[in-house]
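1. Next input, structure requested:
(chains A and B)
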Amino acid sequence: NAGVTQTPKFQVLKTGQSMTLQCAQDMNHEYMSWYRQDPGMGLRLIHYSVGAGITDQGEVPNGYNVSRSTTEDFPLRLLSAAPSQTSVYFCASSYKVAGMRGANVLTFGAGSRLTVL
Amino acid sequence: AQSVTQPDIHITVSEGASLELRCNYSYGATPYLFWYVQSPGQGLQLLLKYFSGDTLVQGIKGFEAEFKRSQSSFNLRKPSVHWSDAAEYFCAVAGYSSASKIIFGSGTRLSIRP
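-> Residues are numbered from 1 along each chain as shown, chains lettered A, B, ... in the order given. So this is what the prediction gives:
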């Protein structure tokens, strides 16, 4: 049971390049989300998904696209990278807590460090 | 929309001393509340959570937190810290109607003085 797997762990891009951060979970969790972590700003929610085919914007969605074609995968796409997107990115999945409507608990991946020059 | 404030950016305590990390949330109804810990270079691990019921919740590693609705707070406490508790701590909130949208505070970095 691998949990939440993120690839790559490190990436350097030039301004204007595109790339996709991959996220996969093998726990059959319905919910998945992407966060970025920047010094002094904590974790900010980029996009999240409540199930296959359903995505929604978080706090800082601009410059990022997501899709959820399967329950297992939730890739994050940067179409034209900018230096402001230099950050550590965390993918998380969450399970529903039995007996508690709507409550769920996050399981995080190890993170992907992205540098945009 | 929900939000979280952690007013202390950095706290230093002596090993063996007690600890309290502050967290204030904003949400119109009863929230779901969490504390996560991130050790240097690591991912995030759940310490404890509050969904309903007893307002004093126990977590892993000897941590506890108390939900105070009147103060919109969910402070994290530990009676005696260990050097291994040095890490960054994040409070988070989710709402009943959007429970998959979990919002984090800016974090509090904890240093331990030998």
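
2. Who are the contact partners of residue 108?
-> No chain in the question, so chain A it is. For A:Phe108, the residues meeting the contact criterion (C-beta atoms under 8 Å, 6 or more residues apart in numbering or on different chains) are A:4, A:90-92, B:43-45. Every C-beta, even on glycine, is put in place using the N, C-alpha and C of the backbone.

3. wait, I meant chain B there
-> Listed by C-beta under 8 Å, 6+ apart, the contact partners of B:Thr108 are B:6, B:8-11, B:21-22, B:88-90.

4. So the residue nearest in space to the middle of chain A, which state does it fall into?
-> Nearest to the mean C-alpha position of chain A, by C-alpha atoms, centre = their mean, lies A:Trp34 at 2.4 Å. When classified by DSSP: H, G, I helix; E, B strand; the rest coil, A:Trp34 comes out as strand.

5. Go ahead and confirm it touches A:Ser87.
-> No. In this structure, A:Trp34 is not within contact of A:Ser87 by C-beta atoms under 8 Å, at 10.9 Å.

6. how about A:Ala98, secondary structure?
-> Per three-state DSSP, the secondary structure class of A:Ala98 is coil.

7. residues in chain A within reach of chain B, list them.
-> Among all residues of chain A, those adjacent to chain B (criterion: C-beta under 8 Å from any C-beta of the partner chain) are A:31, A:33, A:35, A:40-45, A:48-50, A:56, A:58-59, A:90, A:94, A:97, A:100-106, A:108-111.

8. Can you select the buried ones among those for me in ChimeraX?
-> Typed into ChimeraX, the next command selects the buried ones out of these (criterion: 16 or more other C-beta atoms under 10 Å in any protein chain shown):
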select /A:31,33,35,42,43,44,45,48,49,50,58,59,90,94,103,104,105,106,108,109,110,111
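
9. Where does the prediction get shaky in the chain?
-> In the absence of a named chain, this looks at chain A. A:1, A:99-103 (pLDDT under 70).

10. nope, chain B please
-> Counting by pLDDT under 70, the ranges of chain B that qualify are B:96-100.

11. ok, now with 80
-> Of all residues in chain B, those with pLDDT under 80 make up the ranges B:1, B:28-30, B:41, B:95-100.

12. about what we covered before: ok now do the residue nearest to the centre of chain A, which residues does it touch?
-> A:21, A:23, A:45-48, A:58, A:64, A:66, A:74, A:76, A:89-92.

13. separation between it and chain B?
-> 12 Å (C-beta to the nearest C-beta, to the nearest Å).

14. Does that residue have any beta-bridge partners, and if so which?
-> Each beta-bridge partner of A:Trp34 is listed here, defined by DSSP bridges: A:His47, A:Cys91.

15. Tell me who's in contact with residue 47.
-> You didn't say which chain, so I picked chain A. For A:His47, the contact set (C-beta under 8 Å, 6+ apart) comprises A:33-34, A:55-58, A:61, A:64, A:66, A:76.

16. That was the other one, I meant chain B.
-> By C-beta under 8 Å, 6+ apart, the residues touching B:Leu47 are B:34-37, B:59-61, B:63, B:76, B:89.

17. Make sure it is indeed in a strand.
-> Yes. B:Leu47 sits within a strand when classified using three-state DSSP.
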